[in-house]
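**Q** Provide a 3D model corresponding to the input given below.
(chains A, B, C and D)
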There are 4 protein chains.
Amino acid sequence: MSNKIRLGILGGGGDSLIGGVHRIAANMFDRYQIVGGCFNPNPSENKSFAERIGLSTDRVYDSFELLIEEELKRPAAERMEVISVLTPNFLHFPMAKKLLENGFNVICEKPLTTSYAEALALEAIQEEKKVVFAVTYTYTGYPMVRQMKQMIADGAIGEVQKVDLQYYQGWINPFMHKPELRKSVWRLDPEKGGLSCCIGDIGTHAFDMVEYVTGMRVKQLLADLNYRYPDNEMDVDGTILVRFSDYCKGVLRASQIATAEENNFTVQIYGHKGSLKWGQENPNYLTYLQEGQPMQVLKPGYDFHSPFAQDATKLPPGHPEGMYDAMGNIYNGVAKAIRGEDSFHGAYPDMEEGVRGMLFIEKVLESHKNGNVWVNL
Amino acid sequence: MSNKIRLGILGGGGDSLIGGVHRIAANMFDRYQIVGGCFNPNPSENKSFAERIGLSTDRVYDSFELLIEEELKRPAAERMEVISVLTPNFLHFPMAKKLLENGFNVICEKPLTTSYAEALALEAIQEEKKVVFAVTYTYTGYPMVRQMKQMIADGAIGEVQKVDLQYYQGWINPFMHKPELRKSVWRLDPEKGGLSCCIGDIGTHAFDMVEYVTGMRVKQLLADLNYRYPDNEMDVDGTILVRFSDYCKGVLRASQIATAEENNFTVQIYGHKGSLKWGQENPNYLTYLQEGQPMQVLKPGYDFHSPFAQDATKLPPGHPEGMYDAMGNIYNGVAKAIRGEDSFHGAYPDMEEGVRGMLFIEKVLESHKNGNVWVNL
Amino acid sequence: MSNKIRLGILGGGGDSLIGGVHRIAANMFDRYQIVGGCFNPNPSENKSFAERIGLSTDRVYDSFELLIEEELKRPAAERMEVISVLTPNFLHFPMAKKLLENGFNVICEKPLTTSYAEALALEAIQEEKKVVFAVTYTYTGYPMVRQMKQMIADGAIGEVQKVDLQYYQGWINPFMHKPELRKSVWRLDPEKGGLSCCIGDIGTHAFDMVEYVTGMRVKQLLADLNYRYPDNEMDVDGTILVRFSDYCKGVLRASQIATAEENNFTVQIYGHKGSLKWGQENPNYLTYLQEGQPMQVLKPGYDFHSPFAQDATKLPPGHPEGMYDAMGNIYNGVAKAIRGEDSFHGAYPDMEEGVRGMLFIEKVLESHKNGNVWVNL
Amino acid sequence: MSNKIRLGILGGGGDSLIGGVHRIAANMFDRYQIVGGCFNPNPSENKSFAERIGLSTDRVYDSFELLIEEELKRPAAERMEVISVLTPNFLHFPMAKKLLENGFNVICEKPLTTSYAEALALEAIQEEKKVVFAVTYTYTGYPMVRQMKQMIADGAIGEVQKVDLQYYQGWINPFMHKPELRKSVWRLDPEKGGLSCCIGDIGTHAFDMVEYVTGMRVKQLLADLNYRYPDNEMDVDGTILVRFSDYCKGVLRASQIATAEENNFTVQIYGHKGSLKWGQENPNYLTYLQEGQPMQVLKPGYDFHSPFAQDATKLPPGHPEGMYDAMGNIYNGVAKAIRGEDSFHGAYPDMEEGVRGMLFIEKVLESHKNGNVWVNL
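**A** Model (predicted):
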């Protein structure tokens, strides 16, 4: 009998890009078997999608409620062990809540919920149920991000004194300049997009990343958002001053109107002894600067890396891995946690990171709406 | 009933890196279902490996002969449709030969065989049986390589007048300098490594690539190999002058003692109107030079790419894909060919490329041993 | 008789780095002849320095007052035509003031003065005297900066909607962490360093650059500075939110404690049709992004550049020029202005840029000291 | 009285690019004073050019013979100490010969002469006269090239086992494809271009560089040139296999039809412990690879560099210097040699390098014309 983890999936059907990312990632370390799910609210599309990806349809359910009900009837040794929630944002909360209440481990896409209050509610249930809960901030899965986290923890750059993160995209720009075009983008519709567009979608990645790699917590922030036009209701750009203390400061910069930028997410952490710099578009390069020393560029696949980073590389040096591989590493971390194996702290982004992300979004909006003032987190 | 292609695998068990690459690649487009194979010559390890990767063991066979025998007993609609051959090089020929003779489609690791004569023999059988046969020159699967091929075919750089390919690695260097260390590397043992070390392993990639992207055939070559020490019997470095005609020339450069290089494979093609340059370690960048114009850098995921290149990209611009994805594209090409779907020429490296590769190896050795003289291909 | 411009220099003697930069720059286009100056307040060092650089000492003066007095005695056709002021910051004002009052053209190092009030005073005199006055924001002299300015003016990126400039250095970091070490850095001493350390020294470059390349004026700013330690009195880091309008915003980021950064000055300008990006450490590359088009990288020396940029390149493409060449271009721009030749707007940074720089410094400090609030410029 | 070196210049008048390079370079370290020369064979243009660059015309001569004659009449303390020869190639020999015979130090552009025999003749005279003689292989003046030379000498990469140099340009390509256009390029005319076009012009740079940085001598070579069309008489591309020994090999690659390449000169040296890589278009980066260590990128301006490299940098880290600065370093090296100061071996490219360059050209042509065979140097 295979020891693979039985995985169910909610959402991610049809042409969903993120669905493919999760399925490929789940297969990467031979740790998961997708056994069923509910991929689409339309029952017929749900079944045909399951067939397309080669699943037998006996555990393909018409709704997530039915999935929970039916799976609970199975013996524990057959039951789905973990459920990936890939549905639209507003469904994360009700689905994750019920899954947690029924004792399922959960892998949830970001943002965790649509409000901080919802996020806190989930956190409370998880603490009670003691199940594994991951929030897929994908970029934390890159090996050189993990190496950065470990090096900072090990003191390689000394005490952090300044941070600077950028997440610049241009994809909303072509839709911005005519009101009728804006309507074609659901993220620009306050009904569907939730609290925030740019900050919720990508600003949160920057916020999570800075706390992930430094192990520190942002204490205060001051935000200035840009809506580009008076008749546009959703933020498409923002700059956020952050403070970890009075003497350790930094800035998070996010934009979806940085015209023709692709997915230009960069991280710069400056300590009193050295610095680390990384960029998502070339994820296999980590630049390490030290006072009075030659610049070093670290690439994956070497023994000199921390075991944590080595664990996130499957190929020898010089054979590039990409974003699927980053997500694969997160799934591998979750697998180890579910199986109770020795894992690394940070092997997957957890509930706390999801909750902090929601707090961040609300605080950014609060700061901006109150006239770009400092708010405490 | 799923329309997935039923895939069997020979070799690739245990800690095999290439085994993982093929399994992940096969899963990437939801086109294949691994149904069985023979992963390991040791029956007990064979079974336990199958279990580890979550396969039921009813189609896991003790030998490739048994696999063929038993699968042929199944109705066509259940039978394995394609077999991936990932075994050590000397087994490629006998396995591929018998698979072809029995009408199976084959995906074979490179080098195709251990001699040109064997390669020709396979080619003859395939022509008779009219099955699909792929040789996994992985790097041809990168989207920007495909774009390069298409642009050259479309005349973007005009008539090719010069080519320059480099494949530099350093991994053999640490073993070179003491005879006892050399013994630990099977590729340096003429018994196991076959005709050639450096040229056979990586020189062939450069040779295949130049013919793949230009669509031209090398007519003559002159090779100078380096063995580094008098008591070392296998080539670890070589420079090969090539001619497509008297006025279109170039050079292939390969090394495994380019100390501390990782997998530095670069391609430079110069035409009379422009040039294209690509490097494997940063595979998502294709540099396009044109007379008197700004340099262009093409990245995957745009509408301006050829459909052939677009077909090889799963994510939006700026989300890096890597070597697994390149292999996934080759598997996708094979799937389309097996299913008789509209495919692109070059969607997978084929038998002819495998045969040319073996001819290349033999001719390089002939040139070198005869005193670095020109030989015809 | 040579038509070269007769140049005098104040300061820049001894081991002064900036002295060498100005002398080499002045020679680059065969337009200037250094005829004398006052290089050092110590008369004997002044003379010996003049001899070291090969000047006859008859026009080497003991003070700037004497220089003015004696040069005015000469006929106009022999008199120094322009004076470069390279002395410590607090001397810029009295020297420039007296030079202007006496009708000399002036090339002045930045920052222009020690206060905005002084800067306004100089501006008033210049307007009356109608002489040429340059402030050496060196980086505006790079050809690809000029091309960026011209392309924005020509609409290549459409309407500017976002700007992002970074000027990160690490040179102060090694002195920061012990109070006694800090004392060895004059910029950290409020007596000598003036109003500001980081913002005055390098923040002004970012401010000048953004106004130079966009041709727009910053209307409001909000600044957060970092002093790193409670007992350190001078800013060593700062992030400044800027607004050109309610819907065109951006950020200037400056640091001298970005540990082990060298001179990492970058400029990113985003318009509604495209973007331009440039970095000082690799000044011969200008990245041009356009919606749905391949990335372009522009390098100097081509006919497709604006005449303004072409005028700033002396060598064919691929022959790198550097910071001396950038300053040389500024000197060339001043020479054309002095000789009344056809010049380009922006061929040298002018009085207005110097004045704006001083206003910027004062407003940044005002914003920070009032609790990081918006202030108008 | 200034201690500056009295410099005379032959050639380099009018719009000569190389003339500007030498004048700016000579000024960079305040070591030279240009006192006269013969810039142009036309007496009136000669004078007017001298005036344009601000020279008094009393030491501007109508011919080089007159220059020698008149300067010899002056007392040694006033006489030109060194003459830069910037005239067309065929004039290098007669001018340098007579200058040497009369005891002048010489700085000569490359190629040294038009034949190896001429070069040997110059060498013999220089040995007798014991004057300083430099051949301006400009690229050896870059600080990171010097650092590479020193590191190899110090054993940083161990024993060299492989070299690979590329010098790719595209500037001849637009003229290649129509015979009438070819006529407009003097280098493609055997009457004017001498023995060789591509190899003579840029192949020699690669050859000099590899011997300069490794300190080794090429023992054998085998060359294949490309003339692109049957009716073109001059080489425009060539690949040259080189051997330092039977087990240390490499390749030099040069092209002027590498379409749209600018001045892409790269150097890769592989030793048994590590490697060094450098490229002319980004001259301030030296990549240092070591077995099992992070990649290092060395940039100028640090204490960790050899004194030899530090001596070639005028600015702090991050302030780019370029090709003028490289030539300035060569002039500085010559100045130290003339003044008998402590200099570094390799501080300027010398007569031996000029002679080797001519031998190289002749041997490349010999190898090619004899059917791409090995020839000894």
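
**Q** For A:Tyr331, give its distance to B:Gly346.
**A** According to C-beta to C-beta, to the nearest Å, A:Tyr331 stands 33 Å off from B:Gly346. Using the backbone N, CA and C atoms, a C-beta is placed for each residue, glycine as well.

**Q** Those two: which is more packed in?
**A** The neighbour count for A:Tyr331 versus B:Gly346, taken as other C-beta atoms under 10 Å in any protein chain shown, is higher for A:Tyr331 (27 against 19).

**Q** quick one: secondary structure of that one?
**A** Going by DSSP: H, G, I helix; E, B strand; the rest coil, the secondary structure assigned to A:Tyr331 is helix.

**Q** check contacts around A:Thr114.
**A** The contact partners of A:Thr114, taken as C-beta atoms under 8 Å, 6 or more residues apart in numbering or on different chains, are A:89-90, A:92-93, A:194-195.

**Q** where's it, which helix or strand?
**A** In this structure, A:Thr114 sits in neither a helix nor a strand according to DSSP states H and E.

**Q** Ramachandran coordinates for it?
**A** phi -110, psi 0 (degrees, to the nearest 10).

**Q** pLDDT and distance to chain B added to the contacts of A:Thr114, as a markdown table?
**A** As requested, the contacts of A:Thr114 are exported to a markdown table (pLDDT from 0 to 100; distance: C-beta to the nearest C-beta, whole Å):
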| residue | pLDDT | distance to chain B |
| --- | --- | --- |
| A:Asn89 | 92 | 19 |
| A:Phe90 | 93 | 23 |
| A:His92 | 97 | 22 |
| A:Phe93 | 97 | 27 |
| A:Gly194 | 85 | 21 |
| A:Leu195 | 89 | 24 |
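
**Q** Can you get me the start-to-end distance on stretch A:51-65?
**A** By C-alpha to C-alpha, to the nearest Å, the extent of stretch A:51-65 from end to end equals 21 Å.

**Q** how far is it from where the chain is centred?
**A** Here stretch A:51-65 is found 26 Å from its chain centre; the criterion is C-alpha atoms, centre = their mean, to the nearest Å.

**Q** for the record, mean pLDDT for that stretch?
**A** Taken as a whole, stretch A:51-65 carries a mean pLDDT of 93.

**Q** hmm, who's touching it?
**A** Residues beyond stretch A:51-65 that count as contacts (C-beta under 8 Å, 6+ apart) turn out to be A:8, A:10, A:23, A:34-39, A:41, A:43, A:46-47, A:50, A:67, A:70-71, A:80, A:95, A:98-99, B:1-4, B:30, B:33.

**Q** Restricted to helices, list those residues.
**A** The helices, defined by DSSP state H, take in A:23, A:43, A:46-47, A:50, A:67, A:70-71, A:95, A:98-99 from these.

**Q** want to throw the contacts of A:Thr114 into CSV with neighbour count?
**A** Converted to CSV, the contacts of A:Thr114 look like this (neighbours: other C-beta atoms under 10 Å in any protein chain shown):
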residue, neighbour count
A:Asn89, 19
A:Phe90, 12
A:His92, 27
A:Phe93, 20
A:Gly194, 20
A:Leu195, 19
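
**Q** Just say helix, strand or coil for A:Asn284.
**A** Once three-state DSSP is applied, A:Asn284 turns out coil.

**Q** Count the neighbours of it for me.
**A** By the criterion of other C-beta under 10 Å, A:Asn284 has 26 neighbours.

**Q** Which pLDDT value belongs to the residue in the stretch 1-150 of chain A positioned nearest to chain C?
**A** When scored by C-beta to the nearest C-beta, the stretch 1-150 of chain A has A:Met148 as its residue closest to chain C, at 14.8 Å. Note on A:Met148: pLDDT of 98.

**Q** for it, what are its contacts?
**A** Counting by C-beta under 8 Å, 6+ apart, A:Met148 makes contact with A:213, A:267, A:269, A:276, A:278, A:286.

**Q** Give the buried subset of the residues you listed as a ChimeraX selection command.
**A** Buried residues among the contacts of A:Met148 (16 or more other C-beta atoms under 10 Å in any protein chain shown), as a ChimeraX selection:
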select /A:213,267,269,276,278,286
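
**Q** For stretch A:332-345, output the C-alpha coordinates as PDB.
**A** Extracted in PDB, the C-alpha atoms of stretch A:332-345 (Å, rounded to 0.1, in the frame of the first residue of the first chain):
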ATOM      1  CA  ASN A 332       7.100  18.800   0.300                       C
ATOM      2  CA  GLY A 333       7.200  20.800   3.500                       C
ATOM      3  CA  VAL A 334       3.500  20.200   4.200                       C
ATOM      4  CA  ALA A 335       4.000  16.500   3.500                       C
ATOM      5  CA  LYS A 336       6.800  16.300   6.100                       C
ATOM      6  CA  ALA A 337       4.600  18.100   8.600                       C
ATOM      7  CA  ILE A 338       1.600  15.700   8.000                       C
ATOM      8  CA  ARG A 339       3.800  12.700   8.300                       C
ATOM      9  CA  GLY A 340       5.500  14.000  11.400                       C
ATOM     10  CA  GLU A 341       8.900  13.900   9.800                       C
ATOM     11  CA  ASP A 342      11.700  16.200  10.700                       C
ATOM     12  CA  SER A 343      11.000  19.400   9.000                       C
ATOM     13  CA  PHE A 344      12.600  22.800   8.900                       C
ATOM     14  CA  HIS A 345      10.900  25.900  10.400                       C
END
